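>>> I would like the atomic coordinates for the input below:
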Amino acid sequence: LCMEIAQVLEGLIAQGAIPRPKRTIRLVNAYECYGFFAYLERKQPFQTPLAGVCLDTLGSKPEVCDGRLEWHSTIPMSAGFVDWVGEKILRESLKHCNPGYRLCLEPFMPTSDTLIGDPQYGFPCPWLDSHHRKSGKGFAAYHTSGDMPKLLSKDGLRTCAAAMAAYLYFLADAGSREVTELATCDTQRQLKALDVGRQKLPAGQVDYVRQTHKITTEQLKRWMWGGQRSQILSHLDDCERQVDEAGKKVAKLEVKKRVPAAARRVPRRTAFLSPISVPRKGGAAGLTTWSLFWADGKRNLAEIAELASWENTGSIGGGKRQRSPITFDQIVDYFEAHEKIDYVKLIEPKEMVSKAQIIAELKKLGLESGIDVMVHSSLSAIGYVEGGADTVVDALLSVIGKRGTLMMPSFNHRAAQVYNVMTTPTTS
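Numbering: from 1, shown residues only. Just a heads-up that it's a prediction; the model follows:
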């Protein structure tokens with residue numbers, strides 16, 4: 001299937017039917033996660049891929065898989081717009097090729113493969129398969145020596161290859177115009193979720209919608225290519241503002257709970273993906289292997305507990321809608337267990353450096369309003385900063401003011417195979 005996708009795209013490019021995409025497309029054919037994750041860990045790429053797809057057990061004859069072609073959502077804390085982009089392409093492909101499948105939209109299903117949706121080390125990654133029957137179980141020969149070529153459908157394989165070639169090409173060639181279109185579409189979807197008339201929604205549920213929408217807009221910034229950067233960022237800010245304002249109108253007023261000191265700690269991730277199992281002192285109902293991925297170095301344990309409580313495992317295909325309460329004790333136990341095996345480091349609130357502290361220290365160094373300053377610094381040398389690098393930049397801008405100029409070196413030392421002035425990160 002990977003070879004067919006490559007041949008389809010290269011053939012169309014050679015014919016002049018489509019231009020070569022702006023970005024590279026990498027097809028990795030490995031023995032499930034054992035080869036795939038090892039590649040990602042050892043390769044240490046210049047930057048994480050923008051998006052991908054997991055292709056597993058495709059092309060089954062309709063009678064083998066009950067005609068089900070399943071499209072599973074990417075992981076909940078990843079950018080969900082890839083789910084509905086793929087859905088649209090798959091629907092058109094099935095209509096055009098008619099391989100005898102019907103598209104079944106499914107929520108995120110955790111496997112060692114699909115956890116690559118990890119937002120810190122991985123990328124948004126839906127999953128396409130044709131091995132589940134109506135019962136939800138794999139077909140009789142699945143993972144046995146009976147899984148032979150006679151079970152495959154040429155039309156099914158052809159359809160999947162064409163659809164995934166289109167999906168990958170669209171994402172590889174998308175630019176600033178697509179960024180604004182996708183941001184607008186995702187905003188409309190989230191506004192619809194918040195359109196509940198006179199009904200009020202729990203504040204945690206509203207915050208979950210707001211946070212997942214922000215994850216998408218932040219991820220879309222990596223797709224900018226061409227156009228006016230300021231206009232695009234303004235559009236994305238406006239999308240976030242619309243969702244924020246809609247959320248404020250429907251959020252219930254709730255008494256804030258007292259958060260114990262242990263739950264005010266901020267977890268910083270220190271390892272790739274998540275362990276297969278984690279020993280815990282007590283029960284942690286509602287917490288999963290991927291709950292770890294809500295830790296972004298900014299949220300504290302209490303905030304992560306609330307997001308995990310409202311987590312919806314499907315931007316398409318349904319998924320959990322009701323809250324599964326997670327207590328402070330459960331979230332503390334969960335992350336302390338991960339800290340013991342070096343997957344996270346829990347930072348005490350008193351260890352965090354605030355924006356006010358940075359401003360005070362910058363003024364001690366002699367920075368003042370109207371100054372021109374060149375900054376070449378290390379974030380880790382500053383310490384654990386509340387809000388991360390954005391806080392440092394905001395503090396610098398606050399000190400020098402509108403009349404000042406902030407300059408930073410932006411080398412990548414030839415690490416970028418494709419250079420995009422709007423998005424290519426630096427390694428200075």
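>>> and the residue nearest to Arg20 when sequence neighbours are not counted, how many neighbours?
In space, and not counting its chain neighbours, Arg20 is closest to Ile13: 5.4 Å by C-beta to C-beta, 6 or more residues apart in numbering. The way it works is simple: take the backbone N, C-alpha and C, and place the C-beta from them, glycine included. Using other C-beta atoms under 10 Å, Ile13 is surrounded by 14 other residues.
>>> buried residues, the helix or strand containing Ile13. List them.
Assigned by DSSP states H and E, Ile13 belongs to helix 2-15. The neighbour-count check on helix 2-15 (16 or more other C-beta atoms under 10 Å) flags 5, 8-9 as buried.
>>> show me where the stretch 101-250 of the chain has strands.
102-106, 127-129 (DSSP state E, counting those that start in this stretch).
>>> for Pro275, find the nearest of those.
When the strands of the stretch 101-250 of the chain are compared by C-beta to C-beta, strand 127-129 sits nearest Pro275, at 21.1 Å.
>>> starting at the chain centroid, how far to the closest one?
17 Å (C-alpha atoms, centre = their mean, to the nearest Å).
>>> now swap in stretch 107-114 and tell me
The answer for stretch 107-114 is 13 Å, by C-alpha atoms, centre = their mean.
>>> does Pro325 touch Glu306 like I think?
No: counting by C-beta atoms under 8 Å, Glu306 is not a contact partner of Pro325; they are 9.4 Å apart.
>>> so in the chain, where's the weakest helix or strand by average pLDDT?
Ranked by mean pLDDT, DSSP states H and E, the helix or strand of the chain with the weakest confidence is helix 32-43, at a mean of 66.
>>> tell me what the next helix or strand after that one is packed against?
Next helix or strand after helix 32-43 toward the C-terminus (DSSP H and E): strand 54-56. Packed against strand 54-56 by the contact rule (3 or more C-beta pairs under 8 Å, 6 or more residues apart in numbering; DSSP states H and E) you find strand 127-129.
>>> and the helix holding Ile13, C-alpha only, in CSV?
Extracted in CSV, the C-alpha atoms of helix 2-15 (Å, rounded to 0.1, in the frame of the first residue of the first chain):
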residue,chain,number,x,y,z
CYS,A,2,2.8,2.4,0.8
MET,A,3,4.5,1.6,-2.5
GLU,A,4,1.2,2.2,-4.4
ILE,A,5,0.7,5.5,-2.7
ALA,A,6,4.2,6.6,-3.7
GLN,A,7,3.7,5.4,-7.3
VAL,A,8,0.3,7.2,-7.6
LEU,A,9,1.7,10.5,-6.4
GLU,A,10,5.0,10.3,-8.4
GLY,A,11,3.0,9.2,-11.5
LEU,A,12,0.6,12.2,-11.3
ILE,A,13,3.6,14.6,-10.7
ALA,A,14,5.4,13.1,-13.7
GLN,A,15,2.3,13.6,-15.9
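>>> how far off centre is it?
Distance, centroid of helix 2-15 to centroid of chain: 28 Å (C-alpha atoms, centre = their mean).
>>> pLDDT weak spots in the stretch 251-400 of the chain?
278-286, 317-322 (pLDDT under 70).
>>> let me see the ranges of the strands in it.
266-269, 344-347, 352-353, 372-374, 384-385.
>>> nearest to Lys402, out of the ones you listed?
Of all the strands of the stretch 251-400 of the chain, it is strand 372-374 that lies closest to Lys402, at 12.9 Å by C-beta to C-beta.
>>> quick one: strands adjacent to that closest one?
Taking DSSP bridges as the criterion, strand 372-374 pairs within the sheet with strand 405-407 (parallel).
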